[in-house]
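Colleague: please work out how this folds:
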Amino acid sequence: MADREDVARLAGVSTATVSRVTSGNGYVKKETRDKVNKAITMLDYRPNALAQNLRRKRNNMVAVMVEDLCNAYTAEGVEVMTREARKYGCYIMLFTVNEDNIDAIVEEIVQSKAMGLVNSTMLKISDSNRCKLLHSKTRTIGIAEKPELDILIRYDQAMREAYKILAKKNKKHPVYMGGLPMDWLLNNYSRVKAFLELNKEFGMSSTPESIVAGKYPLEKYHIIGYNETNGLFARGVEFDALFCLTDSMAMGAIRSLVEHGKRIPEDVAVIGCDNVSLSNFTAPALTTIDTQEEAVYKEYIRYLLSDDENIVKCYDTKLIVRGTL
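Modeller: All right, here's what the predicted structure looks like:
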């Protein structure tokens with residue numbers, strides 16, 4: 001990992017000049033500043049967060065708010081952020097939040113002078129909490145109305161590959177198991193849009209029963225997958241493929257399919273999403289969409305430790321074909 005001396009050497013300036021550029025304190029000629037910034041980019045240099053925050057009277061803690069640690073994607077994401085934060089001398093403060101305690105937790109985060117906050121929940125952040133965090137100069141992800149760090153994941157890429165395989169296997173009736181409230185699914189999820197468009201492109205059916213909502217986070221994803229698949233059978237819905245919002249949800253769906261005597265993938269194919277480590281241990285092993293989870297969570301930490309604003313990052317997806325497709 002590059003340090004301040006490496007940047008100074010490449011830019012041909014003193015380490016003090018590098019510090020003035022990275023901190024924004026003190027005058028530096030534009031030509032010199034440009035050379036330093038070019039060196040920083042080339043070396044992927046990240047200033048020492050602990051030192052900077054001590055000067056700003058902030059600590060070296062990054063707060064992370066989650067709703068559900070039973071979701072393997074969330075748990076693995078916390079692990080990635082913890083490892084990445086340690087590279088920069090920082091630590092993770094983990095908070096499990098709900099509608100009843102979120103105000104108190106935001107206040108605790110503000111009072112603790114955390115350097116950053118990642119909100120990985122679906123909870124609506126009130127204007128008053130948003131103002132508190134803005135006033136405290138806590139860098140945030142998932143708080144502002146306009147995304148501070150906008151992560152765009154190309155789900156349609158991997159989903160298209162799945163549809164090609166489904167078409168070859170003469171599947172005609174896919175269902176998208178979203179697990180979230182229907183208004184959220186229809187208004188916030190690019191995956192639902194891709195699902196409907198791909199159904200049309202590949203000549204597969206779309207009915208009111210093709211998109212299944214749920215009660216997350218009031219229920220865990222694996223429970224939703226199990227219960228909602230049972231519900232499809234109870235309502236007599238015709239389906240031969242399931243796209244699931246998460247791998248955890250797909251695991252619950254697989255159990256329901258097995259209990260109903262369905263062969264996977266001959267009778268019903270199952271496609272999860274996230275490529276969590278557990279997805280390779282279902283029977284049969286779960287076909288899933290790799291969303292570059294590790295790269296995304298690392299980017300969260302890097303963003304919080306930088307001075308960047310309004311960044312957009314795009315990530316490609318890949319279909320990991322295993323036994324359920």
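Colleague: surely residue 215 touches residue 221?
Modeller: No: counting by Cβ atoms under 8 Å, residue 215 does not reach residue 221; the two are 10.6 Å apart. Where C-beta positions appear, they are placed from N, C-alpha and C, glycine not excepted.
Colleague: more crowded one of these two?
Modeller: residue 221 (28 against 14; other Cβ atoms under 10 Å).
Colleague: now the strands: where do they sit in the chain?
Modeller: 61-66, 91-96, 116-119, 139-141, 149-154, 174-177, 211-212, 241-244, 269-271, 288-290, 311-316, 318-320 (DSSP state E).
Colleague: list the residues that contact both of residue 215 and residue 221?
Modeller: In terms of Cβ atoms under 8 Å, 6 or more residues apart in numbering, residue 215 and residue 221 are both contacted by the residues residue 179.
Colleague: for the longest helix along the chain, packing partners?
Modeller: For the chain, the helix with the greatest residue count under DSSP state H is helix 72-87. Applying 3 or more Cβ pairs under 8 Å, 6 or more residues apart in numbering; DSSP states H and E, one finds that helix 72-87 contacts strand 61-66, strand 91-96, helix 247-259, helix 293-304.
Colleague: which residues does that helix contact?
Modeller: For helix 72-87, with Cβ under 8 Å, 6+ apart as the criterion, the contacting residues are 1, 62, 64, 66-69, 91-92, 94, 118, 120, 246-248, 274, 276-278, 293-294, 296-298, 300-302.
Colleague: stretch 299-318: end-to-end distance?
Modeller: End-to-end span of stretch 299-318 (Cα to Cα, to the nearest Å): 19 Å.
Colleague: the longest helix of the chain to strand 91-96, inter-axis angle?
Modeller: 160 degrees (axes from the mean of the first three to the mean of the last three Cα atoms, to 10 degrees).
Colleague: so where's the stretch 51-200 of the chain uncertain?
Modeller: Within the stretch 51-200 of the chain, the ranges that satisfy pLDDT under 70 run 51-58, 144-146, 188.
Colleague: can you pull the contacts of residue 14?
Modeller: Residue 14 neighbours (Cβ under 8 Å, 6+ apart): residue 8.
Colleague: any idea how far it is from residue 120?
Modeller: Between residue 14 and residue 120 the distance is 41 Å, computed by Cβ to Cβ, to the nearest Å.
Colleague: if I look at residue 78, how far off is residue 309?
Modeller: 25 Å.
Colleague: now residue 94
Modeller: On the measure of Cβ to Cβ, residue 94 and residue 309 end up 26 Å apart.
Colleague: neighbour count: those two, which is higher?
Modeller: residue 94 (13 against 9).
Colleague: per-residue pLDDT, residue 268?
Modeller: Model confidence at residue 268, given as pLDDT, is 98.
Colleague: you'd agree it is up against residue 260?
Modeller: No: Residue 268 lies out of contact with residue 260 (Cβ under 8 Å); the separation is 9.1 Å.
Colleague: so for the two, which sits in the more crowded spot?
Modeller: Neighbours per residue, other Cβ under 10 Å: of residue 268 and residue 260, the larger number sits with residue 268, 24 against 13.
Colleague: so that one versus residue 224, what's the distance?
Modeller: Distance from residue 268 to residue 224, by Cβ to Cβ: 17 Å.
Colleague: buried sites along the longest helix of the chain?
Modeller: 72, 73, 74, 75, 76, 77, 78, 80, 81, 82, 84, 85 (16 or more other Cβ atoms under 10 Å).
Colleague: closest to residue 285 among these?
Modeller: Distances from residue 285 to those, taken as Cβ to Cβ, are shortest for residue 72 (14.7 Å).
Colleague: skip the chain neighbours and tell me the closest residue to that closest one.
Modeller: Nearest non-adjacent residue to residue 72, counting by Cβ to Cβ, 6 or more residues apart in numbering: residue 276, 4.0 Å away.
Colleague: give me the neighbour count for that neighbour.
Modeller: 24.
Colleague: got it, and the one 5 residues further on?
Modeller: For residue 281, the number of neighbouring residues by other Cβ under 10 Å comes to 10.
Colleague: from residue 290, how far off is the residue nearest to residue 72?
Modeller: Distance from residue 276 to residue 290, by Cβ to Cβ: 10 Å.
Colleague: quick one: the helices in the stretch 101-250 of the chain?
Modeller: 102-111, 127-135, 155-168, 182-188, 190-201, 221-234, 247-259 (DSSP state H, counting those that start in this stretch).
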